[in-house]
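**Student:** Sharing a model prediction with you, sequence too.
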Amino acid sequence: MAKRETARFAPTVAALAADYIERDAKPRKRSWEADERTLRVDVLPVLGRMQASEVQRKHIRALLDDIVARGTAARPNRTHGNRVRALLHALFAFGIRRELLTANPVDGVERQPERPRDKVLTADEVRTIFKALEGERTAMQSYVRLLFLTGSRGGELLKLRWEQVTLSPEAGSGLTCARASACPPRCLALPTIICRVALPICRRPVSEPTRETKFDIALAPIHRS
């Protein structure tokens with residue numbers, strides 16, 4: 001009886017998606033706009049008018065199969081299909097937490113196998129990238145150089161704060177990159193060449209007036225002799 005009552009008042013997928021974006025994605029995810037676009041482009045045209053409680057695994061599989069089929073035989077669109085699957089799982093899990101649904105139709109829908117893509121830049125490609133940086137701000141140049149020299153992820157460097165950086169020759173230069181909450185911090189030793197590159201610093205206090213963008217503030221350069 002309780003399941004039937006829940007199903008009776010379940011929203012459409014479109015309404016659930018709008019609620020998910022406002023209540024869950026926006027407060028928690030910086031990439032909420034990408035989620036909103038994926039729902040608008042890939043999901044809602046197919047499932048939007050259905051009641052969320054009526055969506056079954058067969059509907060999810062058909063949607064994902066169609067997304068994969070948009071690719072080519074040599075490059076099927078499996079990666080994007082898996083991203084959509086993960087988003088749909090989060091969407092219906094949100095509905096369960098809000099007591100709007102009793103089951104997640106994505107459970108039991110398999111991920112698509114993805115082919116690892118390894119890319120090693122040639123020396124000429126690296127020179128081309130560094131040449132293109134010459135017209136950019138010093139902060140941007142430093143940021144890209146640090147990505148190359150440390151092998152860090154972009155988000156790790158953007159979140160870097162001064163207290164995570166050691167430039168003491170006696171103690172050994174290094175930096176500690178904060179990672180996702182489930183992962184321990186990653187410590188990197190800094191060769192001398194990296195210490196000569198302008199390092200990003202922590203964001204300025206919100207109370208300090210500035211016309212710079214968030215990106216400018218995050219990458220304010222430091223010059224050391």
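**Tutor:** Everything's here; your move. Numbering: from 1, shown residues only.
**Student:** can I assume Gly48 is in contact with Ala14?
**Tutor:** Yes - here Gly48 lies in contact with Ala14, judged by C-beta atoms under 8 Å, at a distance of 3.9 Å. (C-beta placed from N, C-alpha, C; glycine too.)
**Student:** Find the residues that touch each one of these two.
**Tutor:** Common contacts of Gly48 and Ala14 (C-beta atoms under 8 Å, 6 or more residues apart in numbering): none found.
**Student:** Okay, buried residues for the lengthiest helix in the chain please.
**Tutor:** Secondary structure of the chain per DSSP state H: the longest helix is helix 78-97. Judged by neighbour count (16 or more other C-beta atoms under 10 Å), helix 78-97 contains these buried residues: 78, 80-85, 87-95.
**Student:** Domain boundaries for the protein, per the record?
**Tutor:** Following automatic domain parsing, the chain resolves into domains at 2-97, 123-218.
**Student:** hey, least reliable of those domains by pLDDT?
**Tutor:** Note on the domains of the chain: domain 123-218 shows the lowest mean pLDDT, a mean of 61.
**Student:** Show me the helices in the chain, by range?
**Tutor:** Assigned helices in the chain, in chain order: 2-8, 13-20, 26-28, 32-38, 44-47, 57-69, 78-97, 123-132, 138-150, 154-158, 192-195, 214-218 (criterion: DSSP H).
**Student:** Leaving out sequence neighbours, find the closest residue to Leu16.
**Tutor:** Closest residue in space to Leu16, ignoring its immediate chain neighbours: Ala52 at 4.7 Å, by C-beta to C-beta, 6 or more residues apart in numbering.
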